[in-house]
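Chemist: turn this into a model:
(4 chains)
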Number of protein chains: 2
Amino acid sequence: MTGWEDVRTEVLRRIRAREWAPGAVIPGEEALAVEFGVARATVNRALRDLAEAGLLERRRKAGTRVAVLPVRKATLEISIIRQEVEARGESYSHRVLTQRMEVVPMAVALRMGVAAGMRLLFVETLHLAGGRPFAHEVRWLNPGVLPGGGIPDFGAVSANEWLVQNVAYTIGDIAFSAEAASREEAAALALAEGAPVFVTERMTWTAEAPITFVRLLHGPGYRLRTMV
Amino acid sequence: MTGWEDVRTEVLRRIRAREWAPGAVIPGEEALAVEFGVARATVNRALRDLAEAGLLERRRKAGTRVAVLPVRKATLEISIIRQEVEARGESYSHRVLTQRMEVVPMAVALRMGVAAGMRLLFVETLHLAGGRPFAHEVRWLNPGVLPGGGIPDFGAVSANEWLVQNVAYTIGDIAFSAEAASREEAAALALAEGAPVFVTERMTWTAEAPITFVRLLHGPGYRLRTMV
DNA sequence: ACTGCATTTATGTATAGACATAATAACGCC
DNA sequence: GGCGTTATTATGTCTATACATAAATGCAGT
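Modeler: Got it, this is the predicted structure:
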């Protein structure tokens, strides 16, 4: 009955009820531990959790205070396209439209942090849900990171899925935006030119080298949702 | 030198190096604790952290295994528009275009979980960065949750900021999409009709009642970024 | 074989005590 | 008063131990 989640619930209640006002310092861990009749470590676990959620701000010596402007942190699950399609109950397939070594455009070279004029593997893929275009993907891939040296067969497994399973786990960053579809993009997705598309751009690194830059387009109707 | 973060680093290295293959069960906490010369609680902290990141899957009794398809979890910081504008070094201002009690459209009533035909407070706001339109906001607000009963002055503080600071902390969900701007939306944002707009829709609840439904539009050039 | 119960086991969590660390606050010096 | 040094203090983390809990496994009885 007195686990760290109970402590978190009670602290959350006090924040919501404004018993502890935004910006105010709340009692120390020691004091709360005594009050709730638990160990300090238990209070610590609860407060740390709330701090990670952005509701509390903690600093050594300064104590813990209720966040004035709680930065809401939403968590997105970036799933593999096949999973996403299959979760909708549709059958997934994909077609590789282009696959060749190509000189990277300046814009991509800058984002990937490689020298301008460098040749990287360029892969263009159309993802289909139930036979209809679902997403259009353009990807630049650093062949240096591919294990075995050879270029895998992206016709069998999609590039993203292959990378996730075969290249070391990575760090990266993602950006979302809305753009008007270019002529080529519109054609691939069976849309009118200039139609609004949802753009996901993902840059991925290992500790040392850039792995891949992906630009993924979804047509109208696509929604990216946060988890609860 | 042997903190939980060191343990996490080493475990992460083994996953990346495929010393522990995806899907494979890794040694138990006890064994790792002995190997690393730390307490089991320290190993637990490290493994729990990696599990939260989606790289490990843990089940009681079954043990800990390396995730086969690691669902990448990206975290977004949903900041207040004023902060976002000021972070760009531009001056923020906003204009309330409409504010009145209005019968909710069916679509909004369904999402908010209120009865069709109910009257809610409707607020339409234009957010400006450096005097230029930055975002267009449409909001339905449940007046029942407003403390004091009166309707606040959204001309002075923006609705979002006021709510964050004055209403109890809440739960909600967010969805993003790309749409074509309607005639009215385009006019508000000084865009051509049909231009692609980045749409953020946010639904917020307290434990009991719906608080607000927001539809926020950003014009071309807007990018939503994840944190590292 | 099959079903249901008991056993075993790995993770989940709680605890008291200790030391580490960062940052404020207090002090003393010029 | 202003500035640098030291003391204080709240959080951060580690340890050892204990018990809780979920779930897979094995056993027994039908």
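
Chemist: okay, the residue positioned nearest the centre of chain A: pLDDT?
Modeler: Centroid-nearest residue in chain A: A:I78, 5.0 Å away (criterion: C-alpha atoms, centre = their mean). On pLDDT, A:I78 comes in at 79.

Chemist: check the one 5 residues further on too.
Modeler: As predicted, A:Q83 sits at a pLDDT of 85.

Chemist: give me every residue that touches the closest residue to it other than its chain neighbours.
Modeler: Excluding the flanking residues, the one nearest A:Q83 by C-beta to C-beta, 6 or more residues apart in numbering or on different chains is B:L69, at 7.2 Å. Where you see a C-beta, it was placed from the backbone N, CA and C, and this is true even at glycine. B:L69 makes contact with A:I80, A:Q83, A:E161, A:V164, A:Q165, according to C-beta atoms under 8 Å, 6 or more residues apart in numbering or on different chains.

Chemist: nearest to DNA strand D among those residues?
Modeler: Of all those, DNA strand D sits closest to A:Q83, with 21.9 Å by C-beta to the nearest atom of the strand.

Chemist: what about that closest one, how many residues nearby?
Modeler: 13 (other C-beta atoms under 10 Å in any protein chain shown).

Chemist: same check on A:W205?
Modeler: Neighbour tally, A:W205, other C-beta under 10 Å: 17.

Chemist: check the one 4 residues further on too.
Modeler: The burial count assigned to A:A209 is 12, neighbours taken as other C-beta under 10 Å.

Chemist: just confirm A:R202 is within a strand.
Modeler: Yes: counting by DSSP: H, G, I helix; E, B strand; the rest coil, A:R202 is part of a strand.

Chemist: which residues sit in contact with it?
Modeler: Counting by C-beta under 8 Å, 6+ apart, A:R202 has contacts A:I78, A:G172, A:D173, A:I174, A:T212, A:F213, A:V214, A:L216.

Chemist: residue of chain A closest to DNA strand C, please.
Modeler: Taking C-beta to the nearest atom of the strand, chain A has A:G3 as its residue nearest DNA strand C, at 2.5 Å.

Chemist: give me the element the closest residue to that residue other than its chain neighbours is part of.
Modeler: Using C-beta to C-beta, 6+ apart and skipping the chain neighbours, the partner closest in space to A:G3 is A:T42 (7.3 Å). Element membership of A:T42 [criterion: DSSP states H and E] is helix A:40-52.

Chemist: buried ones in that helix?
Modeler: Neighbour-count burial for helix A:40-52 flags A:T42, A:V43, A:N44, A:R45, A:A46, A:L47, A:D49, A:L50 (criterion: 16 or more other C-beta atoms under 10 Å in any protein chain shown).

Chemist: helix or strand right after that helix?
Modeler: strand A:56-59.

Chemist: now check that following strand, is it near DNA strand C?
Modeler: Yes: if you take C-beta under 7 Å from any atom of the strand as the test, strand A:56-59 does meet DNA strand C, through A:R59.

Chemist: low-confidence regions, chain A specifically.
Modeler: Where chain A drops to pLDDT under 70, the residues are A:1, A:70-71, A:147-150, A:168-170, A:207, A:227-228.

Chemist: residues from it in reach of DNA strand D?
Modeler: Close to DNA strand D, as judged by C-beta under 7 Å from any atom of the strand, chain A has residues A:28-30, A:40-41, A:44, A:47-48, A:51, A:58-64.

Chemist: restrict these to contacts with chain B.
Modeler: The subset of these within reach of chain B, by C-beta under 8 Å from any C-beta of the partner chain, is empty.

Chemist: pick out the most distant pair among those.
Modeler: A:A41 and A:A62 (20.4 Å; C-beta to C-beta).

Chemist: quick check, nearest of the buried residues of helix A:40-52 to DNA strand D?
Modeler: Distances from DNA strand D to those, taken by C-beta to the nearest atom of the strand, are shortest for A:N44, at 4.6 Å.

Chemist: who's in contact with that closest one?
Modeler: A:E29.

Chemist: for A:F36, see how far away it is.
Modeler: Distance of A:N44 to A:F36, given as C-beta to C-beta, to the nearest Å: 12 Å.

Chemist: try A:D173
Modeler: 39 Å.

Chemist: same thing with A:E208?
Modeler: For A:E208, the distance to A:F36 - C-beta to C-beta - is 47 Å.

Chemist: neighbour count winner among these two?
Modeler: A:F36 (17 against 7).

Chemist: once you drop chain neighbours, what's closest to that one?
Modeler: A:V7 (5.7 Å).

Chemist: one more: A:A51?
Modeler: Per C-beta to C-beta, 6+ apart, closest to A:A51 is A:R58, 4.9 Å.

Chemist: and for the residue of chain A found nearest DNA strand D, the neighbour number?
Modeler: Residue nearest to DNA strand D within chain A (C-beta to the nearest atom of the strand): A:G28, separated by 3.2 Å. A:G28 has 14 neighbours, counted by other C-beta under 10 Å.

Chemist: check A:G23 too.
Modeler: 12.

Chemist: quick one, phi psi at it?
Modeler: Backbone torsions for A:G23, taken as degrees, to the nearest 10, come to phi 90, psi -20.

Chemist: run through who's touching stretch A:23-42.
Modeler: In contact with stretch A:23-42 (C-beta under 8 Å, 6+ apart) are residues A:2-4, A:6-7, A:10-11, A:14, A:20, A:43-44, A:47, A:56, A:62-66, A:68.

Chemist: hmm, try it at 6 Å
Modeler: Contact with stretch A:23-42 is made by A:T2, A:W4, A:V7, A:W20, A:V43, A:N44, A:G63, A:T64, A:R65, A:V66, A:V68, as judged by C-beta atoms under 6 Å, 6 or more residues apart in numbering or on different chains.

Chemist: re the thing from before, which of the residues of chain A next to DNA strand D lies closest to B:E201?
Modeler: A:A51 (27.9 Å).
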